[in-house]
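Trainee: sequence first, then the predicted structure:
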Amino acid sequence: MTVTLNPLEIFEIAEQIERNGATFYRRAAALYEHSDVSHLFLRLADWESEHEKIFAHMKQTMFSADTAPTSFRPGETPPDPKMMAGLAVFGVRPDPSEELNGRETQDDILRKAVEKEKDSIVFYNGLKFFLSNAADQDILNRIITEEMRHIRILHESLNKNNTIRSERNEKV
C-alpha cells in the first residue's frame with residue numbers, strides 16, 4: 001500500500017520536528033545554566049520556535065477554513081506526525097532532550113544540532129516522494145530552505161567558538 005502525504009500533514013510533521021528541537025535546546029540550556037552557553041542554546045530554542053511559527057503560518061496561508069487538503073487514498077491510515085517527527089530527526093524518544101547527559105560540551109551539542117538539522121533536511125527531501133504533485137513539492141522546498149538557514153546559523157556559532165578557543169590558546 002502506498003501512502004501519500006498532503007502538504008497539511010507535511011506541515012504538521014515539520015511543526016512537531018521544530019517543537020522537538022526547541023525541547024532539545026532548552027534542555028541543553030539548562031545544562032549550562034547562567035552562562036553564555038545557556039544563552040546560546042536558549043537562542044537556538046527560540047530559532048526552532050520561530051521555524052515552527054513559520055511553518056504554521058505557511059500552513060495557514062495555504063489552507064483556509066473552507067479548503068480541505070487532499071486526503072489519503074481510501075483504506076489508507078495517515079501516519080502520526082509526532083511519531084514520524086520523532087523517528088526522523090530527534091530520535092525515537094518522546095522527549096529528544098533525554099539524549100543529553102550533561103557531559104557534553106557546547107561544541108558537542110552544536111555538532112549534534114547541525115547533524116539533526118541535516119537529518120531534518122534529508123527527512124523532508126524523502127517526504128517529497130510522498131507528495132502527489134510538483135506544487136506540493138515546491139512547498140516542501142520552502143521548509144528545506146528554512147532548515148538550511150538554521151544550519152548556517154549553527155555553523156557560524158560553532159566557527160565562532162573555535163575561533164575564540166584558538167585565540168585563547170595563542171595567548172597562553
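Mentor: Received, thanks. Numbers count the residues shown, from 1 in each chain.
Trainee: the longest helix seen in the chain packs against which elements?
Mentor: For the chain, the longest helix by residue count, based on DSSP state H, is helix 134-171. Contacts defined by 3 or more C-beta pairs under 8 Å, 6 or more residues apart in numbering; DSSP states H and E place helix 134-171 against helix 7-31, helix 36-62, helix 106-127. Bear in mind the C-beta positions are built from the backbone N, C-alpha and C, glycine included.
Trainee: any weak-confidence spans in the chain?
Mentor: Across the chain, the ranges flagged by pLDDT under 70 are 1-5, 64-97, 130-132, 165-167, 172.
Trainee: give me that answer again for 50
Mentor: Judged by pLDDT under 50, the chain has its weakly predicted residues at 1, 71-74, 90-92.
Trainee: circling back: and the angle from the longest helix of the chain to helix 7-31?
Mentor: If you take axes from the mean of the first three to the mean of the last three C-alpha atoms, to 10 degrees, helix 134-171 sits at 20 degrees to helix 7-31.
Trainee: buried ones in helix 134-171?
Mentor: Of the residues in helix 134-171, those buried by neighbour count under the rule 16 or more other C-beta atoms under 10 Å are 136-137, 140, 143-144, 146-147, 150-151, 154, 157-158, 161.
Trainee: gap between it and the chain center?
Mentor: Computed by C-alpha atoms, centre = their mean, to the nearest Å, the separation of helix 134-171 from the middle of its chain amounts to 12 Å.
Trainee: please apply the same query to stretch 35-52.
Mentor: Worked out by C-alpha atoms, centre = their mean, stretch 35-52 lies 12 Å from the chain centre.
Trainee: for it, output the C-alpha coordinates as CSV.
Mentor: Output of stretch 35-52 as CSV, limited to C-alpha atoms (Å, rounded to 0.1, in the frame of the first residue of the first chain):
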residue,chain,number,x,y,z
SER,A,35,26.3,31.1,31.3
ASP,A,36,26.9,32.3,27.8
VAL,A,37,26.4,28.8,26.6
SER,A,38,23.0,28.7,28.2
HIS,A,39,22.0,31.9,26.3
LEU,A,40,23.2,30.4,23.1
PHE,A,41,21.1,27.3,23.5
LEU,A,42,18.1,29.4,24.5
ARG,A,43,18.6,31.4,21.3
LEU,A,44,18.6,28.1,19.4
ALA,A,45,15.4,27.1,21.1
ASP,A,46,13.9,30.4,20.0
TRP,A,47,15.0,29.8,16.4
GLU,A,48,13.3,26.4,16.5
SER,A,49,10.1,28.0,17.9
GLU,A,50,10.3,30.7,15.1
HIS,A,51,10.6,27.9,12.5
GLU,A,52,7.5,26.3,14.0
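Trainee: find the nearest non-adjacent residue to Ser14, please.
Mentor: Check again: residue 14 is Ala, not Ser. Nearest residue to Ala14, sequence neighbours excluded (C-beta to C-beta, 6 or more residues apart in numbering): Phe55, at 4.5 Å.
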